[in-house]
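**Q** Okay, here's the prediction I keep looking at, along with the sequence it came from:
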Amino acid sequence: MSRLNQISDNIASKISSKLSPQMSFAGVGNVNLPKTNFRDTVKDLGFFKKADTSVQKNFKEAVKTNEKRLEALNSSGGINKGAGNPVSRKQALSEIKKDLGISKSQQPLEQKMVPLLDENKNRILDANNNFVETRELTYSVQGKFDVQGNPIDKVVIQDHSYGHYYNSGIGNQPSHFNVRPSTNTKNGAVQGMKDHYY
C-alpha cells in the first residue's frame, strides 16, 4: 500500500468518526447537515502537520478548485435553480424521451445516485464541503445505436443539475442532462441525441 493510500485511509477513518453521514444530492439539496465541515475536520486532526507535502498540495488544490466552482455558481445566479436555462428540467426530460422514442409515462428500469467527479476524477464538493451526488435513470429503448453503430437496448440519462465547471473553462456547462448508452456511461453517445439537454 502506498504512503498516500495509507494517509487517505487514516484520514477517512478519522473523518467518518467525526462527521455524521451526509451527502448533497444534485437537484435535491443537502441531507443530514454536519456539525463541522471537511476542511475544519482535517485541520482539527492535524492532517497538515503530518501529511507529505504532495498530499498537502493535492488537498489545497482540491479546495481551490471547489472554491472556483462555487464562485462560478454564484456568478451564474445558481444553476441548481435552472437559472438561465430556457427550458425547465421537466421539459428537458420530456424532450429526451421524445428523441428516444419512448412515452412520457415510461418509468426508468433503475434509478441511482452516483458521485459527481471533476476533470481529475476527484469527487466534487458543494458549498458546505459535502460530496455531490447526481441521479442516473436507466430506460429501456428499441432501435437505438451508439455512435459506433452498435445496437443498444438501454440508455442512462444523467441528471447533472450541478453543472460542470472546470479549471480550464473547457467543457463548462450549466445544469443539464446527458444521454449515454448503458455500455459506456462515461463518455458514450447515442445516435440522434444531443450532446446536452438543458
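**A** Happy to help now that I have it.
**Q** Do I have it right that Gln191 meets Gly143?
**A** No: contact criterion Cβ atoms under 8 Å: Gln191 and Gly143 do not qualify, at 10.2 Å. C-betas here are computed from N, CA, C, even on glycine.
**Q** Longest strand in the protein, please.
**A** strand 132-145 (DSSP state E).
**Q** If you count neighbours, what's buried in that strand?
**A** Neighbour-count burial for strand 132-145, counted by 16 or more other Cβ atoms under 10 Å, picks out Val132, Glu133, Thr134, Arg135, Glu136, Leu137, Thr138, Tyr139, Val141, Lys144.
**Q** tell me which of these is nearest to Asp118?
**A** Of all those, Val132 has the smallest distance to Asp118: 10.0 Å, by Cβ to Cβ.
**Q** Quickly run through the sheet partners of the longest strand of the chain, with directions.
**A** Sheet pairing for strand 132-145, assigned by DSSP bridges, gives strand 23-25 (parallel), strand 110-115 (antiparallel), strand 151-160 (antiparallel).
**Q** Lys186: which of these is closest?
**A** strand 151-160 (10.1 Å).
**Q** Name the next helix or strand following that closest one along the chain.
**A** Per DSSP states H and E, the first helix or strand lying C-terminal to strand 151-160 is strand 176-181.
**Q** Check which helices and strands that following strand is in contact with.
**A** helix 89-100, strand 151-160 (3 or more Cβ pairs under 8 Å, 6 or more residues apart in numbering; DSSP states H and E).
**Q** who's in contact with that strand?
**A** 89, 92-93, 96, 99-100, 144, 146, 150, 152, 154-160, 163, 186-190, 193-198 (Cβ atoms under 8 Å, 6 or more residues apart in numbering).
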